[in-house]
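Trainee: I need the structure of the sequence given here:
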Amino acid sequence: MGSEQIAKAVQLLNQNDVVAFPTETVYGLGARIDSELAIKKIFSTKQRPFFDPLIVHVSSIEQAKTCTTNWSPLADHLAKYFWPGPLTLVIPKSKLIDDVITSGLENVGLRWPADRIAQELIETVGVPLAAPSANKFGRTSPTKAEHVRSEFGPSVFVIDSDQSDIGIESTVLFIHNIGPEKYELSVLRKGFITESQIDSALKQTKFDFTWPTVVDKKFSPGHMKHHYMPTVPFVVCRNPAMKLSELAKILNEKLAELPDEVEGVKIVKPTSVITKIEFLKLPNDPILAARELYSQLRAASLRSPQALCYIQLPTQIGEMWESVFDRLYKAASLILD
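Mentor: Prediction:
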């Protein structure tokens, strides 16, 4: 069945259409990078604004090199160390990359996914695929084929596979080559691969690199304040001692005060007074929490609670938890202390 689905997907891609395919992070909505028509269809299908750039997925380092004018020794080292895998490298784009893909920016995000089906699809098509997550703009990312189908119905062809192993989007690393073997590095989006892992991979090398403290995240997809939002009011409470009655009171007051929309993303607010709150429960291991996060947000949305709340615990610290909370905070309509 897998090869038949890949053949169908290739046919659609070659006809300037989009398809949804699995990766180890989340499901992607892909188009050939040489089809402006299909690239624009990604944006219209997702209802995604054109200022939000897309990541380009490749099937080899050699293919990645065709997408950039500066495949630096440092990029080469990181690609050989972390690829295939959940690390996106943001580097200067080549003429192969349409301005629509990069939202007019001079850099492009490149990634070689580890998922076998994704690799086979890109290899068979023969060109890289531009692909954001396969969901409506601002909403919860999909980690299962059924999530994509519930989002788009029959309008998007979906390649079936298992649940995404990692469950959150790739780490996005901006590489700024400022001199011969001298670089500034910035994590534009936290993910499964952490800054300390990248730092460790480079420590034993000859590269001269620094991590600037001020980072301009406009180069990255998913950089808006609100993203990944479920279809029910969702809040993160960073005070585990808060009483349930106090939480409900604050939610009714604060959620009503929120704007209807921020940066083009509709903010989810209650339609009536909240009297009952459902609590989101994630595993204590941040790697498992990342894997289950989007599935649990989607499952909770189907139950349509008046409000959904996640209680952040003081023990949930460390880089991997930071990647999880990056998504939780953006998915939330409100964060309470």
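
Trainee: which ones are touching residue 274?
Mentor: Going by CB atoms under 8 Å, 6 or more residues apart in numbering, residue 274 touches 233, 248, 251-252, 255, 306-307. (Glycine included, C-beta is placed from N, CA and C.)

Trainee: please redo it, this time with the cut-off set to 6 Å
Mentor: Residue 274 makes contact with 248, 251-252, 306-307 under the criterion CB atoms under 6 Å, 6 or more residues apart in numbering.

Trainee: Inside helices: which ones of these?
Mentor: 248, 251-252 (DSSP state H).

Trainee: I'd say residue 294 and residue 139 touch.
Mentor: No. Using CB atoms under 6 Å, residue 294 is not in contact with residue 139; the gap is 10.0 Å.

Trainee: Looking at the two, which one has more neighbours?
Mentor: Higher neighbour count among residue 294 and residue 139: residue 294, with 28 against 23, using other CB atoms under 10 Å.

Trainee: wait, is the more buried one part of a helix?
Mentor: Yes. Looking at residue 294 with DSSP: H, G, I helix; E, B strand; the rest coil, it is inside a helix.

Trainee: That one and residue 23, how far apart?
Mentor: Counting by CB to CB, to the nearest Å, the separation of residue 294 from residue 23 is 13 Å.

Trainee: now swap in residue 29 and tell me
Mentor: Going from residue 29 to residue 23 by CB to CB gives 11 Å.

Trainee: Residue 68 now?
Mentor: 21 Å.

Trainee: Comparing the two, which shows the higher neighbour count?
Mentor: residue 23 (29 against 21).

Trainee: how would you label that one: helix, strand or coil?
Mentor: Assignment for residue 23 (three-state DSSP): coil.

Trainee: mind listing the helices for the stretch 201-337 of the chain?
Mentor: Here the stretch 201-337 of the chain has its helices, by DSSP state H, counting those that start in this stretch, at 244-257, 286-303, 319-331.

Trainee: Which of the ones in helices among the contacts of residue 274 sits closest to residue 109?
Mentor: residue 251 (36.3 Å; CB to CB).

Trainee: ranges for the helices of the stretch 1-150 of the chain?
Mentor: 2-14, 36-46, 61-65, 73-82, 99-102, 116-125, 145-152.

Trainee: CSV for these, including mean neighbour count, mean pLDDT and distance to residue 208?
Mentor: Output for the helices of the stretch 1-150 of the chain, formatted as CSV (neighbours: other CB atoms under 10 Å; pLDDT from 0 to 100; distance: least, CB to CB, whole Å):
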stretch, mean neighbour count, mean pLDDT, distance to residue 208
helix 2-14, 16, 94, 41
helix 36-46, 18, 97, 37
helix 61-65, 17, 98, 23
helix 73-82, 18, 98, 10
helix 99-102, 18, 96, 27
helix 116-125, 19, 98, 33
helix 145-152, 20, 96, 43
